[in-house]
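J.: Here is a sequence with its predicted model. Questions after.
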Amino acid sequence: MFDLLITGGMVADGTGATPRRADVGVSGGHIEAVGRLSDSQAEHTLNATGALVSPGFIDIHSHSDFTLLVDPRAQSQVFQGVTTEMIGNCGHGCAPIGDTEKFAGNIYGYSRRAEVAWKSFAGYLDALEQAAPAVNVASLVPNGNLRLLAVDDASKAASPGETAHMVRLLEEALGSGAWGFSTGLEYPAEAAASEAELAALCRAVAAHGGLYAAHTRNRETRAVEAVQEAVRLAKSGASGREERLKLQVSHIIPRRGGPAGSLAGCIEAVEQARGRGLDAAFDSHTRLHGITNLSNALPAWASEGGTAALRRRLGDRAARARLRKHSSIISSFALGGWERVSLYTSPARPEIAGRSFASLAPPGGDGWDAVFDALRDHADDPHAPLVICLSYDEAEVIETMSHELCTIGSDATSLAVDGPLAGEAFLGAFTWAGWAWRKLVTESRRLTVGQAVAKLTSAPAERMGLRDRGVIANGKRADVAVFGPASFRDTGTLESPNRLAQGVRHVVVNGTVTLEDGRLTGKRGGQVLRRGKS
């Protein structure tokens with residue numbers, strides 16, 4: 001007698017093997033049997049006839065840190081067969097944290113819909129656990145939060161004392177169950193970070209055998225050099241350690257604006273590091289656009305004095321001239337031309353959302369004037385507007401995803417078409433896994449079904465260090481997705497992104513049926529995964 005029996009499907013077990021006809025028996029949240037189980041009984045049965053039965057997909061690069069607190073159903077993810085997310089990426093996240101307003105710009109999806117009642121990393125994991133998410137969640141420690149807590153002037157490199165403070169915060173978080181740490185070296189809180197301070201953090205992570213997820217310092221004009229820096233940092237952490245540091249270069253594809261051959265150079269740097277014994281790999285998102293907060297155009301001094309002072313500076317000609325000289329991820333976006341950079345969300349002025357900054361430029365002005373105008377419109381909440389940049393070529397994205405060292409992530413927040421997050425949008429949230437499957441399997445057949453399943457399951461599990469997930473085998477956690485291999489696809493578009501993926505029939509998380517016959521059951525079986533404790 002099983003708790004759950006999944007019958008009639010073709011099992012793609014996550015190892016890369018060719019799917020085979022088998023049933024899956026589940027008890028106590030674990031897979032107990034895989035094979036011909038037609039004579040067995042179960043409290044509940046899921047029909048998988050004509051469908052593929054695979055491990056639940058694992059999103060190795062997510063930004064659902066806050067949205068899972070607001071709406072723990074993770075609807076956009078579950079409808080894509082996702083059962084596990086790795087959050088805390090790109091140096092952004094919810095913990096450790098100080099004054100909420102100071103950290104708001106470093107938390108994707110932040111809103112006042114959920115209370116920030118924690119300070120420590122352990123406290124955040126407790127709050128996440130109390131929210132009871134529908135998916136499993138593992139978290140990295142965001143370097144941006146460490147710097148905002150420990151460094152008095154974020155526009156400067158950390159002093160030895162400040163570095164030691166960051167290391168203590170990181171070690172505390174690692175002891176609480178973090179799986180490593182991440183950087184976002186293009187963002188205001190981290191742009192001034194020195195190799196010395198980052199190397200100290202890498203050494204702390206290496207002592208725990210954790211992961212370093214590197215959003216590198218430059219992703220267009222010096223993209224190769226930036227990946228080489230990440231390799232140096234990882235080597236400094238791995239050197240002479242009993243434990244090994246894993247390097248994961250985040251969304252490795254350079255944006256437009258850099259020299260020809262940059263992508264090949266970035267990948268070569270990782271391949272060479274791996275050839276020299278470093279445990280190095282990379283990931284890719286599935287968007288053709290980069291996306292971030294428009295407020296990243298602002299240096300810290302622009303917000304000093306509060307909302308009124310910010311609004312005044314954004315309207316002052318001299319202040320605007322000074323702001324134009326500030327190097328940021330937004331100025332990097334502009335290298336490809338303002339016609340490729342658009343205002344994605346604009347709560348204060350929704351009528352201009354979707355327009356390029358070239359088209360929003362006032363008479364006699366340029367894209368920067370449009371940026372400052374939009375930020376002035378949102379001075380009460382400058383982190384609210386999102387900006388996108390047409391940064392990538394589809395052929396390069398598909399080629400990169402196909403690489404044996406590449407895993408795939410959403411680089412998005414979990415969202416929903418209804419409930420408290422219904423009005424929110426983030427490119428990739430509803431589409432990432434469906435897009436990858438459609439491009440790699442259904443349309444191009446670059447990967448076999450078995451290979452594609454492994455890339456979305458066992459490969460990210462191995463990178464993260466999840467030993468009991470990512471494959472369908474006896475004793476493993478019962479995280480399972482049942483979907484039509486020919487019908488699974490994304491339906492969201494750039495203009496209408498919040499559309500549920502099609503083709504996923506059932507989703508099981510830790511033995512709990514979360515999606516049945518294409519409908520949410522209302523049951524949430526996700527767990528907060530604490531390294532060394534889960």
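T.: Yep, that arrived.
J.: so residue 219, which of the three states?
T.: Three-state assignment for residue 219 (DSSP: H, G, I helix; E, B strand; the rest coil): coil.
J.: So for it, what's the pLDDT?
T.: The score at residue 219 is 92. That number is its pLDDT.
J.: Look up how far residue 202 lies from it.
T.: Distance of residue 219 to residue 202, computed by Cβ to Cβ, to the nearest Å: 20 Å. Just so you know, the C-beta spots here come from the backbone N, C-alpha and C atoms, and that holds for glycine as well.
J.: for residue 272, same thing?
T.: Using Cβ to Cβ, residue 272 is found at 19 Å from residue 202.
J.: Show me which of those two is the more surrounded one.
T.: residue 202 (30 against 13; other Cβ atoms under 10 Å).
J.: in which helix or strand would I find that one?
T.: According to DSSP states H and E, residue 202 maps onto helix 195-207.
J.: Go through that helix and flag the buried ones.
T.: 197, 198, 199, 200, 201, 202, 203, 204, 205, 206 (16 or more other Cβ atoms under 10 Å).
J.: out of the residues you listed, which one sits closest to residue 464?
T.: The shortest approach to residue 464 among these belongs to residue 205, at 13.3 Å (Cβ to Cβ).
J.: residue contacts, the closest one?
T.: Residues in contact with residue 205, defined by Cβ atoms under 8 Å, 6 or more residues apart in numbering, are 170, 174, 180, 181, 211, 212, 237, 245.
J.: quick one, the following helix or strand past the helix holding residue 202 and helix 195-207 angle?
T.: Using DSSP H and E, the helix or strand that directly follows helix 195-207 along the chain is strand 211-215. Interaxial angle, strand 211-215 versus helix 195-207 (axes from the mean of the first three to the mean of the last three Cα atoms, to 10 degrees): 150 degrees.
J.: can you list contacts of strand 211-215?
T.: The contact list for strand 211-215 (Cβ under 8 Å, 6+ apart) reads 61, 89-91, 140, 179-186, 202, 205, 227, 230, 233-234, 237, 245-251, 463-465.
J.: if we can go back for a sec, export the contacts of residue 205 to JSON lines and tack on neighbour count and pLDDT?
T.: What follows is the contacts of residue 205, written out as JSON lines (neighbours: other Cβ atoms under 10 Å; pLDDT from 0 to 100):
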{"residue": "170", "neighbour count": "27", "pLDDT": "98"}
{"residue": "174", "neighbour count": "22", "pLDDT": "98"}
{"residue": "180", "neighbour count": "29", "pLDDT": "98"}
{"residue": "181", "neighbour count": "30", "pLDDT": "98"}
{"residue": "211", "neighbour count": "26", "pLDDT": "97"}
{"residue": "212", "neighbour count": "26", "pLDDT": "98"}
{"residue": "237", "neighbour count": "27", "pLDDT": "76"}
{"residue": "245", "neighbour count": "27", "pLDDT": "93"}
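J.: Out of these, the closest to residue 371 would be?
T.: residue 181 (30.8 Å).
J.: neighbours around residue 394, how many?
T.: 10.
J.: What ranges does the stretch 301-450 of the chain have for its helices?
T.: For the stretch 301-450 of the chain, the helices defined by DSSP state H, counting those that start in this stretch cover 307-314, 317-324, 329-334, 357-360, 367-377, 394-402, 432-437, 449-456.
J.: in the third one, what counts as buried?
T.: Using 16+ other Cβ under 10 Å as the burial criterion, the residues of helix 329-334 that qualify are 329, 330, 332, 333, 334.
J.: for the fourth one, same thing?
T.: Applying a neighbour-count criterion of 16+ other Cβ under 10 Å, the buried positions in helix 357-360 are 357, 360.
J.: Equivalent analysis for stretch 118-136, please.
T.: So, applying 16+ other Cβ under 10 Å, buried residues of stretch 118-136: 118, 121-125, 127-128, 131, 133-136.
J.: Stretch 47-67 too?
T.: Neighbour-count burial for stretch 47-67, counted by 16+ other Cβ under 10 Å, picks out 47-48, 51-67.
J.: swap in stretch 92-111?
T.: For stretch 92-111, by 16+ other Cβ under 10 Å, it's 92-97, 103-111.
J.: How far does it sit from its chain's centre?
T.: 16 Å (Cα atoms, centre = their mean, to the nearest Å).
J.: now swap in stretch 213-228 and tell me
T.: 17 Å.
J.: Output it in CSV with nothing but the alpha carbons.
T.: The C-alpha coordinates for stretch 213-228 follow below in CSV (Å, rounded to 0.1, in the frame of the first residue of the first chain):
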residue,chain,number,x,y,z
ALA,A,213,27.1,32.1,-7.8
ALA,A,214,28.8,35.0,-9.6
HIS,A,215,26.9,37.7,-11.3
THR,A,216,30.1,39.2,-12.7
ARG,A,217,31.4,42.7,-12.6
ASN,A,218,30.9,43.5,-16.3
ARG,A,219,28.7,41.8,-18.8
GLU,A,220,29.5,43.5,-22.1
THR,A,221,32.7,45.5,-22.7
ARG,A,222,34.9,43.4,-20.3
ALA,A,223,32.7,40.3,-19.9
VAL,A,224,35.6,37.8,-20.4
GLU,A,225,37.8,39.6,-17.9
ALA,A,226,34.9,39.6,-15.4
VAL,A,227,34.5,35.8,-15.7
GLN,A,228,38.2,35.4,-15.3
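J.: Okay then, goodbye and thanks.
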